[in-house]
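K.L.:
Make a model of this:
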Amino acid sequence: MNTNLRTLALAGLVLLSAGAASAAVTVAFSHPENFQDLPFAPTDREQVLKDLSEHFALLGKALPAGQDLRIEVLDLDMAGRIQPNFRGRQDIRVLRGGADWPHMKLRYSLESNGQVIASGQDDLSDMNYLAHLNRYFEGDTLRYEKSMIDDWFKHKFAARKAG
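P.N.:
You can find the predicted model right below:
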C-alpha cells in the first residue's frame, strides 16, 4: 500500500506538470501512510489524495501567469471520525462538530519566473466547519477540507495577486 500511495502521488505530480501551460501547482504527499486520518481502504485513500491534488490544481488556475506553487502535504486529519461498518458496507465518516474538525499541515513555495517570492509552512484548520455555509455539495466527501483549503489559498495568495 505504501508503494501505491507513493506511485499515486508521483503520478499526480506528472499529470499536473504535463497539463496545459496554465497548470501552476504541483502537490506532493510526504509519507501519507503516516497521516493522522485517511480512509482505511487503499482505493479510498488514493482517491482522497487524488481529489486533494486536483483541488489544489484548480485553485492554482487563479494564480497570475508565470507563477508556480509547490505544495507538500505533511499531515492530514479529515473532518469527522471514521465509524467502521462491520456489515460489509463502506465505513461511515461521522461529523459531530466537536474536536473532529479538519486539519492539514503543509509546506509551500510560490515562485515567479524561477524566483521564490513566498514560502512557508502552515497548519490549516477549521474548528467551526459545521457552523458556516459550505459551497460544496453534501455528497462531496472532501467538502470541509476543500473549504478549509479555499480559505487558506484566498488568505495567502489572493491579497498577493491584488497587490
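
K.L.:
Where do the strands of this structure begin and end?
P.N.:
25-29, 67-77, 81-83, 92-94, 103-112, 115-125 (DSSP state E).

K.L.:
Give me the residue at the spatial middle of the protein.
P.N.:
Leu52 (3.8 Å; C-alpha atoms, centre = their mean).

K.L.:
I'd guessed it sits against Ile71; true?
P.N.:
No - the criterion here is C-beta atoms under 8 Å, and Leu52 misses it with Ile71 at 9.3 Å. (Glycine included, C-beta is placed from N, CA and C.)

K.L.:
Now do the shared contacts for the two.
P.N.:
Common contacts of Leu52 and Ile71 (C-beta atoms under 8 Å, 6 or more residues apart in numbering): Val27.

K.L.:
before we move on, the earlier item: wait, what's in contact with the residue nearest to the centre of the chain?
P.N.:
Neighbour list for Leu52: 27, 73, 76, 142, 145, 149 [criterion: C-beta under 8 Å, 6+ apart].

K.L.:
go with 7 Å
P.N.:
Neighbouring residues of Leu52 by C-beta atoms under 7 Å, 6 or more residues apart in numbering: Leu142.

K.L.:
again with Met104
P.N.:
Taking C-beta under 7 Å, 6+ apart as the definition, contacts of Met104 comprise 73, 75-76, 124, 145, 148.

K.L.:
mind checking how far the residue lying closest to Glu145 once chain neighbours are set aside is from His155?
P.N.:
Of all residues not flanking Glu145 in the chain, Pro102 sits nearest, at 4.9 Å (C-beta to C-beta, 6 or more residues apart in numbering). Pro102 sits at a distance of 16 Å from His155 (criterion: C-beta to C-beta, to the nearest Å).

K.L.:
And these two? Which one has more around it.
P.N.:
Neighbour count, other C-beta atoms under 10 Å: between Pro102 and His155, Pro102 has more, with 24 against 11.
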